[in-house]
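Engineer: let's see this in three dimensions:
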Amino acid sequence: MTAPFLSISRRTRSTPFSRRVTQAGVKAYTVYNHMLLPTVFNSLEDDYFHLRESVQIWDVACERQVEVRGPDAARLLQLLTPRDLSNMQIGQCYYTPMVDETGGMINDPVTLKLADDRYWISIADSDLLLWVKGLSAGTRMDVAVTEPDVSPLAVQGPKAEDVVAAVFGERVRGIKFFRFEPMLLNGQEYIVARSGYSKQGGFEIYLQDSAYGEALWDAIEEAGKPHGIRAGGPNLIERIEGGLLSYGNDMTRLNTPHECGLGKFCQTVDAIGCIGRDALIRTIMEGPQRMIRGLKINARNLPFTIEPWSVLTADGHHAGQVTSSAWSPRLETTVAIAMIEKDYWEPGTALVVDTPSGPRDAQVVSLPL
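Structural biologist: Numbers count the residues shown, from 1 in each chain. All right, here's what the predicted structure looks like:
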């Protein structure tokens, strides 16, 4: 039986780096914010080991930017998130869970403060632009909400700093985690941030003109040759081991930040103006009834988790659901991210996962692994 394939059209937009990704031998994509996100080049496991040991260049232009600019920019940003932004500094990146009026998660972006009246929201996979524009119009705030021509390119892995420093200069080494600086390359300005969707360290470089996308890719690739650079992308195995959540997979609008283990990024009581503040305060007082946890599943060669798998107790009671899973060649077990009910979320708890290949024993573990 022939495997299904993805029909690519203008609705699945290409990126400024798409031609280079094709030349690098991409083998699999997913669709993210209506754009193509490369997921596999050699193989999932080979890409995983290379990311942990060397350095990769990632086309993550699908992390679209929502720019909020104007006198009311800070007020509109605070309306979106239970994280208190009052002390955020220019040049700083904040991980900002964003919620609707019920306190449900609608995105978990990284927000960059470019000026007191200008922010970029580097979004996960949802149409946040429309939500922000709607709030702006409904509240009549004095802001412009746009999607600028900004496309991130990530350099990830233990050798990433050497590569990015070779391109932009030694000043790169002084950028702290979740900070950014504007830097020039051949007369063009780029925003260089120490951030990225992996636990291996690295940078995200924000291209501000699509016409220079291939030149940026080529400069990084050339600088990375002595370090064994290869094209890659967010790796399923590495992100599960690292406990990196995927919006739309591991959490949805039905979950609050506190259920997703993101309470440390929320100062809900102090986030005066957040649209979901009152609803979240009620959930804080009650306490979450379910929480993101890791699982080790005694199985291998399981299919990808296209639909959640039920998690049960030994006597058949519902205990949660697996939302992402993959075989870990390093740990020699299947690892998973799951939403687990309160009575069963303690590490060490024995459970059963109802996989497409049949029931498999599992154990609750803390993330990261």
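Engineer: for Glu241, which three-state class applies?
Structural biologist: At Glu241, secondary structure determined by DSSP: H, G, I helix; E, B strand; the rest coil is helix.
Engineer: same deal with Lys199?
Structural biologist: Quick answer, by three-state DSSP: Lys199 is coil.
Engineer: pLDDT wise, what is it at?
Structural biologist: Note for Lys199: predicted pLDDT of 97.
Engineer: over to Val110?
Structural biologist: Residue-level pLDDT assigned to Val110 equals 98.
Engineer: in space, what's closest to it - neighbours in sequence excluded?
Structural biologist: Ser122 (4.6 Å; CB to CB, 6 or more residues apart in numbering). Glycine gets a C-beta too; all of them are placed from N, C-alpha and C.
Engineer: so how many other residues sit close to that neighbour?
Structural biologist: 21 (other CB atoms under 10 Å).
Engineer: who touches it in this structure?
Structural biologist: 63-65, 109-112, 152, 204 (CB atoms under 8 Å, 6 or more residues apart in numbering).
Engineer: low pLDDT regions in the stretch 151-300 of the chain?
Structural biologist: Scanning the stretch 151-300 of the chain for pLDDT under 70 picks out no residues.
Engineer: apologies, that question was intended for the stretch 1-150 of the chain.
Structural biologist: For the stretch 1-150 of the chain, the stretches flagged by pLDDT under 70 are 1-3.
Engineer: who does the residue nearest to Val110 bridge with?
Structural biologist: Counting by DSSP bridges, Ser122 is bridged to Gln65, Val110.
Engineer: now the element after the host helix or strand of Met285, going C-ward?
Structural biologist: Met285 belongs to helix 277-286 when assigned by DSSP states H and E. Next along the chain after helix 277-286, taking DSSP H and E as the criterion, comes strand 290-297.
Engineer: can you name every helix or strand that that next one contacts?
Structural biologist: Counting contacts by 3 or more CB pairs under 8 Å, 6 or more residues apart in numbering; DSSP states H and E, strand 290-297 packs against strand 318-328, strand 333-341, strand 350-355, strand 358-365.
Engineer: determine which stretch of those strands is the most buried.
Structural biologist: strand 333-341 (a mean of 23; mean count of other CB atoms under 10 Å).
Engineer: and it, which strands flank it?
Structural biologist: Here strand 333-341 is paired, per DSSP bridges, with strand 290-297 (antiparallel), strand 318-328 (antiparallel).
Engineer: am I right that Trp131 is in a strand?
Structural biologist: No - the assignment for Trp131 by three-state DSSP gives helix, which leaves it out of any strand.
Engineer: so how many other residues sit close to it?
Structural biologist: Neighbour count of Trp131, defined by other CB under 10 Å: 18.
Engineer: same deal with the one 5 residues further on?
Structural biologist: Residues near Ser136, counting by other CB under 10 Å, number 20.
Engineer: and it, how far from Leu80?
Structural biologist: 10 Å (CB to CB, to the nearest Å).
Engineer: same question, Gly233
Structural biologist: 27 Å.
Engineer: which one's more surrounded, the two?
Structural biologist: Between Gly233 and Leu80, counting by other CB under 10 Å, Leu80 is the more crowded of the two (29 against 26).
Engineer: residues contacting the more buried one?
Structural biologist: With contact taken as CB under 8 Å, 6+ apart, Leu80 is in contact with 96, 98-99, 121, 132, 135, 274-275.
Engineer: just the ones of the residues you listed in helices?
Structural biologist: Residues of the contacts of Leu80 located in helices (DSSP state H): 132, 135.
Engineer: what is the nearest of the contacts of Leu80 to Gly320?
Structural biologist: Val99 (21.8 Å; CB to CB).
Engineer: touching, that closest one and Pro257? I think so.
Structural biologist: Yes - counting by CB atoms under 8 Å, Pro257 is a contact partner of Val99 at 6.8 Å.
Engineer: what touches both of these two?
Structural biologist: 82, 105, 280.
Engineer: and those residues, which is closest to Asp142?
Structural biologist: So of those, ranked by how close each gets to Asp142 (CB to CB), first place is Pro82, at 23.4 Å.
Engineer: three-state assignment of that closest one?
Structural biologist: Applying three-state DSSP: Pro82 is coil.
Engineer: next, count neighbours for it.
Structural biologist: If you count neighbours by other CB under 10 Å, Pro82 ends up with 30.
Engineer: that older thread, in CSV: the contacts of Leu80, plus distance to Leu184.
Structural biologist: CSV is the format used below for these (distance: CB to CB, whole Å):
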residue, distance to Leu184
Thr96, 28
Met98, 32
Val99, 37
Ile121, 25
Val132, 30
Leu135, 35
Cys274, 37
Ile275, 39
